[in-house]
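Peer 1: Predicted structure and sequence below. I'll ask about it afterward.
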Amino acid sequence: MSELKDFKCPNCGGRLEFDAQSQKLKCPYCEGTFDPEVFDEGNSFTVAGEKWEDENVLVYTCRSCGGTIMADKETAASSCPYCGNPVVMTSNVSGIYKPKKVIPFLLDKKQAKARYKEYLKGKVLLPDAFTNEATIDEMKGVYVPYWLFDGKASAKMWFDATRNRSWSEGDTICTETSYYKVFRSGSVRFEDIPVDASSKVDDALTQSLEPFDISQSKEFTDNYLAGYLADRYDVGVEESRDKANSRIANSTAALFSSTTGGYDTCVPSSSSMNIASGKQEYVLYPIWLLNVKYLGKLYTFAMNGQTGKFVGDLPYDKGKLTRILITVFAGVTAAATAVQYLLYLAR
Ligand SMILES: [Zn+2]
Ligand SMILES: [Zn+2]
(Lines give C-alpha, C1' and ligand atoms only; values in the text may rest on other atoms or scores of the structure.)
(Ligands and ions follow the chains in the order given, each with its own letter.)
Protein backbone atom coordinates (compact mmCIF):
# COMPACT_ATOMS: atom_id res chain seq x y z
CA MET A 1 0.00 0.00 0.00
CA SER A 2 1.21 3.43 -0.81
CA GLU A 3 0.00 6.94 -0.21
CA LEU A 4 -1.10 9.20 -2.99
CA LYS A 5 -1.85 12.86 -2.44
CA ASP A 6 -3.89 15.14 -4.63
CA PHE A 7 -4.67 18.81 -4.29
CA LYS A 8 -8.35 19.65 -3.96
CA CYS A 9 -9.50 23.25 -3.80
CA PRO A 10 -11.19 23.81 -0.41
CA ASN A 11 -13.64 26.24 -2.07
CA CYS A 12 -14.91 24.28 -5.04
CA GLY A 13 -13.19 20.88 -5.11
CA GLY A 14 -11.27 21.80 -8.29
CA ARG A 15 -7.68 20.65 -8.68
CA LEU A 16 -4.98 23.01 -7.49
CA GLU A 17 -1.69 23.51 -9.29
CA PHE A 18 1.39 25.41 -8.21
CA ASP A 19 1.42 28.66 -10.19
CA ALA A 20 4.90 30.02 -11.02
CA GLN A 21 3.67 33.59 -11.57
CA SER A 22 2.00 34.05 -8.18
CA GLN A 23 4.08 31.41 -6.33
CA LYS A 24 0.79 30.12 -4.93
CA LEU A 25 -1.35 27.01 -5.29
CA LYS A 26 -4.06 28.18 -7.66
CA CYS A 27 -7.50 26.85 -8.58
CA PRO A 28 -8.20 27.37 -12.29
CA TYR A 29 -11.97 27.16 -11.68
CA CYS A 30 -12.72 29.58 -8.83
CA GLU A 31 -9.36 31.48 -9.01
CA GLY A 32 -8.77 30.73 -5.31
CA THR A 33 -5.09 30.91 -4.26
CA PHE A 34 -3.38 29.25 -1.31
CA ASP A 35 0.04 29.63 0.27
CA PRO A 36 2.02 26.43 -0.49
CA GLU A 37 4.07 26.82 2.70
CA VAL A 38 1.05 26.32 4.92
CA PHE A 39 -1.62 24.68 2.73
CA ASP A 40 -2.74 21.40 4.29
CA GLU A 41 -6.18 20.16 3.52
CA GLY A 42 -5.55 16.54 4.45
CA ASN A 43 -5.67 15.54 0.81
CA SER A 44 -3.56 12.40 1.23
CA PHE A 45 -5.29 9.12 0.75
CA THR A 46 -4.11 5.57 0.65
CA VAL A 47 -4.28 3.53 -2.51
CA ALA A 48 -2.90 0.22 -3.52
CA GLY A 49 0.40 1.02 -5.19
CA GLU A 50 0.34 -2.39 -6.84
CA LYS A 51 3.27 -3.72 -8.77
CA TRP A 52 2.74 -4.24 -12.49
CA GLU A 53 4.27 -7.28 -14.21
CA ASP A 54 7.40 -5.17 -14.37
CA GLU A 55 8.87 -4.78 -10.86
CA ASN A 56 9.76 -1.17 -11.54
CA VAL A 57 6.28 0.02 -12.41
CA LEU A 58 3.62 0.89 -9.81
CA VAL A 59 -0.07 1.24 -10.53
CA TYR A 60 -2.27 3.73 -8.69
CA THR A 61 -5.94 4.63 -8.95
CA CYS A 62 -6.97 8.24 -9.51
CA ARG A 63 -9.42 9.43 -6.86
CA SER A 64 -11.03 11.95 -9.21
CA CYS A 65 -11.92 9.72 -12.14
CA GLY A 66 -10.98 6.18 -11.12
CA GLY A 67 -8.45 6.00 -13.97
CA THR A 68 -5.22 4.02 -13.70
CA ILE A 69 -2.02 5.96 -13.12
CA MET A 70 1.11 3.99 -13.98
CA ALA A 71 4.42 5.28 -12.70
CA ASP A 72 8.05 4.22 -12.32
CA LYS A 73 9.00 3.30 -8.79
CA GLU A 74 11.10 6.52 -8.61
CA THR A 75 8.22 8.81 -9.61
CA ALA A 76 7.48 11.36 -6.91
CA ALA A 77 4.95 13.55 -8.71
CA SER A 78 2.81 13.09 -11.80
CA SER A 79 -0.74 13.54 -12.98
CA CYS A 80 -3.62 11.31 -14.02
CA PRO A 81 -3.33 10.70 -17.79
CA TYR A 82 -7.14 10.73 -18.10
CA CYS A 83 -8.34 13.72 -16.08
CA GLY A 84 -5.09 15.62 -15.39
CA ASN A 85 -5.48 15.41 -11.59
CA PRO A 86 -2.01 16.24 -10.14
CA VAL A 87 -0.76 13.62 -7.67
CA VAL A 88 2.23 13.13 -5.40
CA MET A 89 3.53 9.69 -4.43
CA THR A 90 4.17 10.55 -0.78
CA SER A 91 6.48 7.60 -0.06
CA ASN A 92 8.94 9.09 -2.59
CA VAL A 93 9.07 12.49 -0.86
CA SER A 94 9.23 11.32 2.74
CA GLY A 95 11.67 9.49 5.03
CA ILE A 96 15.05 9.06 3.31
CA TYR A 97 13.56 10.57 0.15
CA LYS A 98 12.41 13.80 1.74
CA PRO A 99 14.18 16.76 0.11
CA LYS A 100 15.49 19.43 2.42
CA LYS A 101 14.79 22.26 0.01
CA VAL A 102 13.12 22.96 -3.31
CA ILE A 103 13.56 25.80 -5.79
CA PRO A 104 9.97 26.38 -6.97
CA PHE A 105 9.35 27.06 -10.67
CA LEU A 106 9.68 30.79 -11.34
CA LEU A 107 8.97 30.49 -15.07
CA ASP A 108 5.78 28.84 -16.30
CA LYS A 109 4.98 26.66 -19.31
CA LYS A 110 3.95 29.65 -21.43
CA GLN A 111 7.35 31.23 -20.90
CA ALA A 112 9.17 27.94 -21.61
CA LYS A 113 7.25 27.50 -24.89
CA ALA A 114 7.96 31.09 -25.88
CA ARG A 115 11.67 30.61 -25.20
CA TYR A 116 11.74 27.46 -27.34
CA LYS A 117 9.99 29.26 -30.23
CA GLU A 118 12.46 32.12 -29.95
CA TYR A 119 15.25 29.55 -30.20
CA LEU A 120 13.73 28.15 -33.40
CA LYS A 121 13.38 31.56 -35.01
CA GLY A 122 15.33 32.02 -38.24
CA LYS A 123 16.31 28.34 -38.45
CA VAL A 124 14.76 27.68 -41.85
CA LEU A 125 15.99 24.13 -42.34
CA LEU A 126 14.09 22.72 -39.40
CA PRO A 127 12.03 19.55 -39.83
CA ASP A 128 8.33 20.10 -39.08
CA ALA A 129 8.58 17.65 -36.17
CA PHE A 130 10.21 20.44 -34.19
CA THR A 131 7.84 23.23 -35.02
CA ASN A 132 4.31 21.88 -34.79
CA GLU A 133 2.24 23.18 -31.90
CA ALA A 134 1.24 19.73 -30.60
CA THR A 135 4.91 18.82 -30.12
CA ILE A 136 5.73 22.10 -28.41
CA ASP A 137 2.81 21.59 -26.05
CA GLU A 138 4.59 18.45 -24.77
CA MET A 139 6.92 20.75 -22.79
CA LYS A 140 7.01 19.34 -19.25
CA GLY A 141 7.95 20.92 -15.94
CA VAL A 142 10.18 18.48 -14.06
CA TYR A 143 11.71 18.74 -10.60
CA VAL A 144 15.11 17.04 -10.85
CA PRO A 145 16.69 15.62 -7.68
CA TYR A 146 20.16 16.92 -6.77
CA TRP A 147 22.68 16.33 -4.06
CA LEU A 148 24.48 19.48 -2.94
CA PHE A 149 27.90 19.16 -1.37
CA ASP A 150 30.13 21.45 0.65
CA GLY A 151 33.85 20.75 0.63
CA LYS A 152 37.24 22.24 1.25
CA ALA A 153 40.22 21.54 -1.00
CA SER A 154 43.74 21.98 0.41
CA ALA A 155 46.22 21.80 -2.41
CA LYS A 156 49.84 22.24 -3.42
CA MET A 157 50.75 22.62 -7.07
CA TRP A 158 54.11 22.86 -8.84
CA PHE A 159 54.54 24.27 -12.32
CA ASP A 160 57.47 24.34 -14.78
CA ALA A 161 57.68 27.79 -16.30
CA THR A 162 59.95 29.66 -18.70
CA ARG A 163 60.59 33.26 -19.65
CA ASN A 164 62.40 34.21 -22.87
CA ARG A 165 64.39 37.32 -23.63
CA SER A 166 65.78 38.11 -27.10
CA TRP A 167 68.16 40.76 -28.37
CA SER A 168 70.38 41.41 -31.38
CA GLU A 169 74.17 41.53 -31.40
CA GLY A 170 75.18 42.60 -34.88
CA ASP A 171 73.83 39.92 -37.24
CA THR A 172 73.07 37.51 -34.44
CA ILE A 173 69.80 37.21 -32.56
CA CYS A 174 70.40 35.96 -29.05
CA THR A 175 67.74 34.28 -26.94
CA GLU A 176 68.04 33.67 -23.24
CA THR A 177 65.60 31.26 -21.60
CA SER A 178 65.13 31.32 -17.85
CA TYR A 179 63.59 28.30 -16.13
CA TYR A 180 61.40 28.57 -13.04
CA LYS A 181 59.79 26.22 -10.56
CA VAL A 182 56.51 27.87 -9.60
CA PHE A 183 54.76 26.78 -6.42
CA ARG A 184 51.22 27.52 -5.23
CA SER A 185 49.59 26.35 -2.06
CA GLY A 186 46.33 27.17 -0.36
CA SER A 187 42.83 26.05 0.37
CA VAL A 188 39.53 26.73 -1.37
CA ARG A 189 36.09 26.38 0.16
CA PHE A 190 33.16 25.19 -1.96
CA GLU A 191 29.48 25.42 -1.11
CA ASP A 192 26.46 23.69 -2.64
CA ILE A 193 28.21 21.92 -5.50
CA PRO A 194 25.27 20.37 -7.37
CA VAL A 195 25.25 16.76 -8.59
CA ASP A 196 22.30 15.44 -10.59
CA ALA A 197 20.91 12.54 -8.53
CA SER A 198 18.65 11.06 -11.21
CA SER A 199 20.07 8.48 -13.59
CA LYS A 200 17.23 9.27 -16.02
CA VAL A 201 18.42 12.80 -16.75
CA ASP A 202 21.67 13.30 -18.66
CA ASP A 203 24.35 14.84 -16.40
CA ALA A 204 25.77 16.90 -19.27
CA LEU A 205 22.34 18.42 -19.84
CA THR A 206 21.73 19.33 -16.21
CA GLN A 207 25.26 20.77 -15.88
CA SER A 208 24.70 22.98 -18.89
CA LEU A 209 21.59 24.42 -17.19
CA GLU A 210 23.54 25.55 -14.13
CA PRO A 211 23.77 27.70 -12.14
CA PHE A 212 20.70 27.60 -9.93
CA ASP A 213 20.37 30.14 -7.15
CA ILE A 214 19.95 28.13 -3.97
CA SER A 215 19.32 31.31 -1.96
CA GLN A 216 15.84 31.41 -3.54
CA SER A 217 15.02 27.89 -2.35
CA LYS A 218 12.19 27.09 0.06
CA GLU A 219 11.83 24.55 2.80
CA PHE A 220 10.43 21.48 1.02
CA THR A 221 6.72 20.77 0.97
CA ASP A 222 5.10 18.57 -1.66
CA ASN A 223 2.62 21.40 -2.44
CA TYR A 224 5.26 22.83 -4.81
CA LEU A 225 5.04 19.64 -6.89
CA ALA A 226 1.33 20.02 -7.73
CA GLY A 227 1.00 20.02 -11.51
CA TYR A 228 4.60 19.02 -12.26
CA LEU A 229 6.61 15.85 -12.69
CA ALA A 230 9.22 14.81 -10.16
CA ASP A 231 11.51 11.88 -9.52
CA ARG A 232 13.19 10.88 -6.31
CA TYR A 233 16.94 10.28 -6.37
CA ASP A 234 18.24 6.92 -7.62
CA VAL A 235 21.94 7.84 -7.52
CA GLY A 236 23.22 7.49 -3.96
CA VAL A 237 25.03 10.10 -1.93
CA GLU A 238 28.46 8.38 -1.99
CA GLU A 239 28.57 7.95 -5.76
CA SER A 240 27.46 11.56 -6.14
CA ARG A 241 30.10 12.78 -3.69
CA ASP A 242 32.82 11.32 -5.94
CA LYS A 243 31.46 13.43 -8.80
CA ALA A 244 31.34 16.54 -6.59
CA ASN A 245 34.93 15.93 -5.46
CA SER A 246 36.18 15.63 -8.99
CA ARG A 247 34.49 18.96 -9.82
CA ILE A 248 36.13 20.48 -6.74
CA ALA A 249 39.54 19.13 -7.79
CA ASN A 250 39.20 20.46 -11.36
CA SER A 251 38.03 23.89 -10.20
CA THR A 252 40.85 24.15 -7.64
CA ALA A 253 43.49 23.21 -10.22
CA ALA A 254 42.06 25.74 -12.68
CA LEU A 255 42.01 28.43 -10.01
CA PHE A 256 45.65 27.82 -9.03
CA SER A 257 46.72 27.75 -12.69
CA SER A 258 44.99 31.09 -13.28
CA THR A 259 47.37 32.75 -10.79
CA THR A 260 50.54 31.83 -12.71
CA GLY A 261 50.55 34.59 -15.32
CA GLY A 262 53.69 36.48 -16.39
CA TYR A 263 55.59 33.53 -17.91
CA ASP A 264 56.01 32.62 -21.57
CA THR A 265 55.17 29.01 -20.81
CA CYS A 266 53.81 27.45 -17.64
CA VAL A 267 52.68 23.85 -17.29
CA PRO A 268 51.68 21.94 -14.14
CA SER A 269 54.30 19.34 -13.17
CA SER A 270 52.91 17.82 -10.00
CA SER A 271 50.29 18.40 -7.34
CA SER A 272 48.84 17.07 -4.14
CA MET A 273 45.31 17.70 -3.01
CA ASN A 274 43.21 16.79 -0.03
CA ILE A 275 39.46 17.31 -0.10
CA ALA A 276 37.57 17.47 3.17
CA SER A 277 33.85 16.84 2.78
CA GLY A 278 31.35 19.11 4.48
CA LYS A 279 27.60 18.81 4.74
CA GLN A 280 25.39 17.42 1.99
CA GLU A 281 21.79 18.25 1.21
CA TYR A 282 19.07 16.70 -0.92
CA VAL A 283 17.14 19.24 -3.03
CA LEU A 284 14.83 19.50 -6.04
CA TYR A 285 15.58 21.91 -8.91
CA PRO A 286 13.09 23.02 -11.61
CA ILE A 287 13.66 22.25 -15.30
CA TRP A 288 11.43 22.55 -18.37
CA LEU A 289 12.02 19.62 -20.74
CA LEU A 290 10.94 18.93 -24.30
CA ASN A 291 11.86 15.70 -26.09
CA VAL A 292 11.40 15.49 -29.83
CA LYS A 293 11.81 12.21 -31.67
CA TYR A 294 13.04 12.61 -35.22
CA LEU A 295 14.31 9.85 -37.54
CA GLY A 296 14.73 7.49 -34.60
CA LYS A 297 16.81 9.93 -32.57
CA LEU A 298 15.76 11.82 -29.48
CA TYR A 299 16.47 15.55 -29.30
CA THR A 300 16.19 17.19 -25.90
CA PHE A 301 15.58 20.85 -25.20
CA ALA A 302 15.69 22.17 -21.70
CA MET A 303 15.25 25.39 -19.82
CA ASN A 304 16.27 26.24 -16.29
CA GLY A 305 12.88 26.84 -14.59
CA GLN A 306 14.40 29.48 -12.34
CA THR A 307 16.70 31.53 -14.60
CA GLY A 308 15.44 30.80 -18.14
CA LYS A 309 18.84 29.53 -19.33
CA PHE A 310 18.09 27.42 -22.42
CA VAL A 311 19.97 24.57 -24.06
CA GLY A 312 19.21 22.49 -27.12
CA ASP A 313 20.62 20.84 -30.16
CA LEU A 314 18.88 20.82 -33.52
CA PRO A 315 19.28 18.68 -36.62
CA TYR A 316 18.47 19.97 -40.05
CA ASP A 317 16.10 18.48 -42.59
CA LYS A 318 18.20 17.23 -45.51
CA GLY A 319 15.15 17.36 -47.81
CA LYS A 320 14.60 21.02 -47.01
CA LEU A 321 18.30 21.73 -47.36
CA THR A 322 18.29 20.27 -50.87
CA ARG A 323 15.23 22.28 -51.86
CA ILE A 324 16.82 25.48 -50.62
CA LEU A 325 20.13 24.73 -52.32
CA ILE A 326 18.37 24.17 -55.64
CA THR A 327 16.69 27.56 -55.35
CA VAL A 328 19.96 29.21 -54.47
CA PHE A 329 21.80 27.55 -57.36
CA ALA A 330 19.38 29.07 -59.79
CA GLY A 331 20.54 32.57 -59.04
CA VAL A 332 24.01 32.65 -57.53
CA THR A 333 27.37 30.93 -57.68
CA ALA A 334 28.32 27.75 -55.91
CA ALA A 335 30.61 29.71 -53.63
CA ALA A 336 27.70 31.70 -52.26
CA THR A 337 25.84 28.46 -51.59
CA ALA A 338 28.72 27.16 -49.55
CA VAL A 339 28.63 30.32 -47.49
CA GLN A 340 24.91 29.90 -46.88
CA TYR A 341 25.47 26.32 -45.77
CA LEU A 342 28.31 27.27 -43.44
CA LEU A 343 26.19 30.04 -41.94
CA TYR A 344 23.58 27.50 -41.02
CA LEU A 345 26.07 25.15 -39.45
CA ALA A 346 27.63 27.97 -37.46
CA ARG A 347 24.40 28.81 -35.67
ZN1 LIG B 1 -11.62 26.36 -6.53
ZN1 LIG C 1 -8.07 10.93 -13.11
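Peer 2: Ah, there it is. Residues are numbered from 1 along each chain as shown. Ligands and ions are numbered 1, 2, ... in the order given.

Peer 1: Could you give the bridge partners of the closest residue to residue 22 other than its chain neighbours?
Peer 2: Sequence neighbours aside, residue 33 is the residue nearest to residue 22 in space, at 6.0 Å (criterion: CB to CB, 6 or more residues apart in numbering). For the C-beta atoms, the positions are set from N, CA and C on the backbone; glycine is no exception. Taking DSSP bridges as the rule, residue 33 bridges to residue 26.

Peer 1: tell me which element residue 111 falls in.
Peer 2: According to DSSP states H and E, residue 111 maps onto helix 109-120.

Peer 1: So what's the gap between that helix and the chain middle?
Peer 2: On the basis of CA atoms, centre = their mean, to the nearest Å, helix 109-120 sits 16 Å off its chain's mean C-alpha point.

Peer 1: Repeat that for stretch 142-156.
Peer 2: Chain-centre distance of stretch 142-156: 15 Å, with CA atoms, centre = their mean.

Peer 1: Report the rounded mean pLDDT for that stretch.
Peer 2: Averaging pLDDT along stretch 142-156 yields 96.

Peer 1: That stretch: which residues count as buried?
Peer 2: Buried residues in stretch 142-156, counted by 16 or more other CB atoms under 10 Å: 142-153, 155.

Peer 1: same check, this time on stretch 59-71
Peer 2: Within stretch 59-71, the residues that qualify as buried are 60, 61, 62, 63, 64, 69, 71, counting by 16+ other CB under 10 Å.

Peer 1: That stretch and ligand 2, any residue contact?
Peer 2: Yes: Stretch 59-71 is in contact with ligand 2 by CB under 5 Å from the ion, via 62, 64, 65, 67.

Peer 1: on that earlier part again, quick one: which of the buried residues of stretch 59-71 sit in strands?
Peer 2: If you go by DSSP state E, the buried residues of stretch 59-71 have 60, 61, 69, 71 in strands.

Peer 1: all strands of the stretch 201-347 of the chain, in order?
Peer 2: Ranges of strands in the stretch 201-347 of the chain, per DSSP state E, counting those that start in this stretch, are 218-219, 229-231, 265-294, 297-304, 310-311.

Peer 1: elements contacting the first one?
Peer 2: What it means is strand 218-219. Packing partners of strand 218-219 (3 or more CB pairs under 8 Å, 6 or more residues apart in numbering; DSSP states H and E): strand 101-102.

Peer 1: got it, and the third one?
Peer 2: Packed against strand 265-294 by the contact rule (3+ CB pairs under 8 Å, 6+ apart) you find strand 101-102, helix 109-120, helix 133-136, strand 140-169, strand 172-196, helix 237-257, strand 297-304.

Peer 1: give me that answer again for 6 Å
Peer 2: Packed against strand 265-294 by the contact rule (3 or more CB pairs under 6 Å, 6 or more residues apart in numbering; DSSP states H and E) you find strand 140-169, helix 237-257, strand 297-304.
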